[in-house]
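>>> Just need the structure, nothing else, for what follows:
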Amino acid sequence: MARVLLVDDDPSIHEVLGAYLRQEGHEVVEARDGAEALARLGAADVLILDLMLPKVGGLEVAREVRRDYPDLPVLMLTAKGEEEERIEGLDLGADDYVTKPFSPREVVARVRALLRRRGLRDELAFGALTLKPAERVALLNGAPLPLSRLEFDLLLTLAQHPGLVWSRARLLERVWGGDFPGIDRVVDVHIAGLRKKLGEDGDNPRYIETVRGVGYRFREE
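Residues are numbered from 1 along each chain as shown. The predicted structure follows:
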């Protein structure tokens, strides 16, 4: 399962394509314009982006994505006559595109391929720690860690981007969801729980490092 941010101003696209994506097992986060999309980028594993959007255009969203979320896979939705825009979107770093009208099954297949290329389902190994995203399993020295759903999502988010500093606000958005009315303390409590289960030394953590005044990052090897 992945979290798919679906950005389109056509309600029928959300209804039909969203249903197909959910049937595939994905969680779908919806946005109806470019401004709303930019506010929810931190909650996405893959972005499905219509180029013709109100408020902030799709090309501008794509530009922001590649600046702030360089590893986020982007699938563009384009109209038949938007060849120049499509080329510009690919030049900006979009990974793939489909032309309207499209088959929802094709879009789902392309999302599957993007996630496979991204390595969302691959095993991540960091010394004694191994994460298996597809199985939602974390192993320490070969033994399964008893992580809650939120703890696993939090650890996976950090581990997929070693060295990247995540603010508490971005972690709240990414792990708890864009509409979570939480406070920073929620993140700190879950980080503390994770560190305890990982057997971390608070003064010299092996995996999760505190960046004072900012947030947390997963230590690069």
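
>>> what about the strands in this structure?
3-7, 27-31, 46-50, 74-78, 96-99, 124-126, 129-132, 137-140, 143-144, 166-167, 208-211, 215-218 (DSSP state E).

>>> low pLDDT regions in the protein?
82, 118-122, 178-182, 202, 221 (pLDDT under 70).

>>> Walk me through the domains of it.
Annotated domains of the chain cover 3-118, 124-218 [the TED database].

>>> and the gap between residue 211 and residue 4?
Relative to residue 4, residue 211 is positioned 29 Å away (criterion: C-beta to C-beta, to the nearest Å). The way it works is simple: take the backbone N, C-alpha and C, and place the C-beta from them, glycine included.

>>> before we move on, the earlier item: could you export the strands of the chain to TSV, including columns for distance to residue 21 and mean neighbour count?
As requested, the strands of the chain are exported to TSV (distance: least, C-beta to C-beta, whole Å; neighbours: other C-beta atoms under 10 Å):
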stretch	distance to residue 21	mean neighbour count
strand 3-7	5	24
strand 27-31	5	19
strand 46-50	8	25
strand 74-78	11	23
strand 96-99	13	16
strand 124-126	24	15
strand 129-132	23	18
strand 137-140	24	17
strand 143-144	30	10
strand 166-167	26	20
strand 208-211	31	15
strand 215-218	28	21
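
>>> what's in contact with stretch 160-177?
Stretch 160-177 is contacted by residues 29, 40, 42-43, 71, 124, 126, 150, 153-154, 157-158, 180, 182, 184, 186-188, 211, 214-221 when judged by C-beta atoms under 8 Å, 6 or more residues apart in numbering.

>>> next one: stretch 131-150
Contact with stretch 131-150 is made by 120-125, 128-130, 152, 155-156, 159, 175-176, 190, 193-194, 197-199, as judged by C-beta under 8 Å, 6+ apart.

>>> With just CA atoms, put that stretch into PDB.
The C-alpha coordinates for stretch 131-150 follow below in PDB (Å, rounded to 0.1, in the frame of the first residue of the first chain):
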ATOM      1  CA  LEU A 131      13.000  -2.800   7.100                       C
ATOM      2  CA  LYS A 132      10.600  -4.700   4.700                       C
ATOM      3  CA  PRO A 133       8.100  -2.100   3.600                       C
ATOM      4  CA  ALA A 134       5.800  -4.500   1.600                       C
ATOM      5  CA  GLU A 135       5.500  -6.800   4.600                       C
ATOM      6  CA  ARG A 136       5.500  -3.900   7.100                       C
ATOM      7  CA  VAL A 137       8.200  -5.700   9.100                       C
ATOM      8  CA  ALA A 138      11.200  -4.200  11.000                       C
ATOM      9  CA  LEU A 139      14.000  -6.600  12.100                       C
ATOM     10  CA  LEU A 140      16.700  -5.800  14.600                       C
ATOM     11  CA  ASN A 141      19.500  -8.400  14.700                       C
ATOM     12  CA  GLY A 142      17.100 -10.700  12.800                       C
ATOM     13  CA  ALA A 143      14.300 -10.400  15.400                       C
ATOM     14  CA  PRO A 144      11.000  -8.700  14.600                       C
ATOM     15  CA  LEU A 145      10.500  -5.300  16.400                       C
ATOM     16  CA  PRO A 146       7.000  -4.900  18.000                       C
ATOM     17  CA  LEU A 147       6.200  -1.600  16.300                       C
ATOM     18  CA  SER A 148       2.800   0.000  16.100                       C
ATOM     19  CA  ARG A 149       1.500   1.200  12.700                       C
ATOM     20  CA  LEU A 150       2.500   4.800  13.400                       C
END
